[in-house]
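>>> Quick one, what's the 3D model for this:
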Amino acid sequence: MVLVRFLKRTRRPLKPECNKVVILGLDGLSPHLVEKYWANGDLPNLKKLADTGTYHRMKTTTPGVSPVAWSSFQTGVNPGKHGIFDFLSADRKRYLAVLSSVKTKTFSKKNFLGIRKTKVSSTLLRMSKPFWSLLGRYGIRSTVLRVPITYPPEPLDGRLLSGMCVPDLRGTQGSYTVMAPEGTEHSFTGGIACTLSKHEKGRWKASLPGPDDCDPADIVFHKESGGRWTVRSGGEKLKVNTDELSEWLTVTYMAGRTKVRGIARFRISEGPFVYCTALHVDPSSPVVPLSHPVHYSRYLAGAVGQFATLGLAEDTWALSNGHLDEKSFLNMAWAYYRERKKMFTDALSRGKDGLTVCVFDTSDRIQHMFWGSGTEPGSVIHGMYLEMDRLVGETVDRMKNNHRLVVMSDHGFTSFHTCIDFNRWLVNNGFMVLEKGITTVDESFHGVNWSETRAYAMGLSGINLNIRGREGKGIVEPENAETLMKEIKDRLLALEDGGTKVIRSVKFARDIYSGGYTDRSPDIIPGTDTGYRADWGCVTGGVGANTLYPNLRHWNGDHCHDSDLVKGVLFTSWKHTTESPSIVDVAPTVLSMLGVEPPGYMDGRTL
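Modelled structure (predicted):
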């Protein structure tokens, strides 16, 4: 293997500029806040990196959302060539919102004993090739940690731990559990509820639902003196103080004779009232592929301890619903950050050359949930930026003379104070028609009269025309699409909120994307102004009562706006003169630095 790798490296078409490239991804880090904190004398490590190397505000994708932007980062192409345009995409035949990056199928298969078992297969829908797969052709190894849209993991010369879109043990993108005594009423989104039953000697018991084909697992809670609890599941147990988030507890389910292991954290408050995180797939015994090679997640669990595996691990729904308080949410976010940091440190210490990439989500999640609390010195967000700066400093200290460092974010951030129900706007402007007697729609367009509807909104960033032959019940003739799109654009740009413009730009997919997968995109992409974002209901096919209404959720910061408002950051440890760099420029730049010619299909430039 060593000889083969050496021979591959001798075939590199370009002269390498360095032995190793490290990419530190800080999801959502805003150039506006970085520059603001610099003015206060903060973030000395980022400032030093900017002074000795290069710093730019970096163009993100349209829209500037993580699955789209990180897909362009890893492939070096615009969304029309990788096919990811949002978190969700439209099943146009059924008018349903489906996950844009992964397709999951369930099927039954007989084993050698003739016993039929249910199997699940997942397919990554992101097209094109990540640039680290091209490095592997020349014997250059990569370690890739938690980059979004890498599930299920693809083979590469090196190691990869999947990020965004890894499901939980229930097959969802993260459903938590609340447990309370019988008679407690629950109505919330993002999780499920189950009953706590009281037993003798201060014990409480709940049956925690797991995968569909498994019986629930019994969880026993025993209150001890001094406000401390013991939590048990099977032969596993841990101790936790009241109102504190526990460490990981292994929870085992049985699918026939097969053990299915998950891990979860618990928070117990008076009542008792128990919050349980989503059931993360156990990285030491994964039932779905988490890494390449498959044993890499097991290695990491042994090296750094159990860790969060869910794609969107920080439980924003539980904080929004009041099942976690701010302190517990922050404890969770920083616990996951420390886990990631251990993995990153391990990767830096093991890889002497090649590529190391690690994305930290903490910066994104904290800004989503605490933007409304302010960004001034002393705020939660300010403290987070200080910690990210320390991480940058520690990373720089590990770099050698023949190494190059990239610090980047996929997008920036701004406020989200007002919701826009694009479907209600379409109804009010005559582009969508509801069935007789229907005034609002909860989800999935139930109650929409498709025989008279010309356009519909779905996802966080797009409006689709109801095209005949493309949509299941389309009525708009293709030759009339251009006129209709222009009419919708003109009216959107006129939308105001008490004299304030709401829509900053309106773009057509055909004008901003190129490539074989452009047809997956929404037809129209409205770019909202600061503070305004698509509302929660129209994302999944709902129609509310009002076009504009206040965002009252804890999720009060966002980046689903006009992409020029939410540019990311790009720091490089070397000087370059490229103006207005874009996120698609990173892939060809890294390839060139490591001696590999960027392929012609890439849209990015070498910095």
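
>>> For this protein, name the helix or strand with the lowest mean pLDDT.
Every helix and strand of the chain was ranked by mean pLDDT, DSSP states H and E. The lowest is helix 2-10, at a mean of 60.

>>> Spit out the contact partners of the residue nearest to Met458 when sequence neighbours are not counted.
Distances taken as CB to CB, 6 or more residues apart in numbering place Ala90 nearest to Met458, at 4.9 Å, with adjacent residues excluded. For glycine as for every other residue, the C-beta is placed from the backbone atoms N, C-alpha and C. Going by CB atoms under 8 Å, 6 or more residues apart in numbering, Ala90 touches 96-98, 458-459, 462, 464, 522.

>>> any weak-confidence spans in the protein?
1-10, 106-119 (pLDDT under 70).

>>> of the contacts of Ala90, closest to Leu495?
Closest approach between those and Leu495, by CB to CB: Gly462, at 16.1 Å.

>>> Just say helix, strand or coil for the nearest residue to that closest one once chain neighbours are set aside.
Excluding the flanking residues, the one nearest Gly462 by CB to CB, 6+ apart is Pro522, at 2.3 Å. Put simply, Pro522 is coil when judged by DSSP: H, G, I helix; E, B strand; the rest coil.

>>> Isn't Pro522 up against Leu460?
No - applying CB atoms under 8 Å as the test, Pro522 and Leu460 come out as separate, 10.1 Å apart.

>>> burial count for Arg228?
Neighbour count of Arg228, defined by other CB atoms under 10 Å: 14.

>>> number of nearby residues for Asp215?
Residues near Asp215, counting by other CB under 10 Å, number 12.

>>> Name the residues contacting each of Pro522 and Leu460.
In contact with both Pro522 and Leu460: Asp86, using CB under 8 Å, 6+ apart.

>>> Of the contacts of Ala90, select the buried ones using a ChimeraX command.
Here is the ChimeraX command that selects the buried residues among the contacts of Ala90 (16 or more other CB atoms under 10 Å):
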select :96,97,458,459,462,464,522
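
>>> and of the contacts of Ala90, the nearest to Ser363?
Ranked by distance to Ser363 (CB to CB), those are led by Gly459 at 23.5 Å.

>>> Next, the contact list for the residue lying closest to that closest one once chain neighbours are set aside, please.
Closest residue to Gly459 apart from its sequence neighbours, by CB to CB, 6+ apart: Asp86 at 4.0 Å. By CB under 8 Å, 6+ apart, the contact set of Asp86 is 63, 65, 67-68, 100, 459-462, 522.

>>> And for Gly53?
Gly53 touches 405, 571-575, counting by CB under 8 Å, 6+ apart.

>>> now that we have those residues, which one has the most neighbours?
For the contacts of Gly53, neighbours tallied by other CB under 10 Å; top is Phe571, 25 neighbours.

>>> So what does that one have for phi and psi?
The phi/psi pair for Phe571 (degrees, to the nearest 10) reads phi -110, psi 140.

>>> what bridges to the residue lying closest to it once chain neighbours are set aside?
Closest residue to Phe571 apart from its sequence neighbours, by CB to CB, 6+ apart: Val407 at 4.1 Å. Beta-bridge pairing for Val407 (DSSP bridges): Leu24, Phe571.

>>> Could you count how many residues lie near Val407?
26.

>>> Then the one 3 residues further on?
By the other CB under 10 Å criterion, the neighbourhood of Asp410 contains 31 residues.

>>> all numbers from here: first residue = 55
That works, and once the first residue is 55, the last one we named lands at Asp464.

>>> That one and Gly359, how far apart?
Separation of Asp464 from Gly359 (CB to CB, to the nearest Å): 28 Å.

>>> returning to that earlier point: now, among the contacts of Ala144, which is nearest to Gly281?
Ala151 (43.7 Å).

>>> tell me the contacts of that closest one?
Ala151 sits next to 142-145, 498, 512-513, 593-595 when contact means CB under 8 Å, 6+ apart.

>>> my hunch is that it is in a strand, does that hold up?
Yes - Ala151: assigned to a strand according to three-state DSSP.

>>> How many residues are close by the closest residue to it other than its chain neighbours?
Spatially, and ignoring its direct neighbours in sequence, Ala151 is nearest to Leu142 (4.3 Å; CB to CB, 6+ apart). Here the number of neighbours of Leu142 (other CB under 10 Å) works out to 21.

>>> Could you do Gly405 as well?
Neighbours around Gly405, by other CB under 10 Å: 17.

>>> Name the SS class of the closest residue to it other than its chain neighbours, please.
Using CB to CB, 6+ apart and skipping residues adjacent in sequence, the residue nearest Gly405 is Thr197, 5.5 Å away. When states are read from three-state DSSP, the local structure at Thr197 comes out as strand.

>>> Please report how far Gln421 lies from Asn610.
Gln421 is 10 Å from Asn610, by CB to CB.

>>> center of the protein - which residue?
The chain has Met218 as the residue nearest its centroid, 4.4 Å off, counting by CA atoms, centre = their mean.

>>> so who does it touch?
Contacts of Met218 by CB under 8 Å, 6+ apart are 120-121, 124, 155, 202-205, 365-366.

>>> Now intersect those residues with the helices, please.
The helices, defined by DSSP state H, take in 120-121, 124 from the contacts of Met218.
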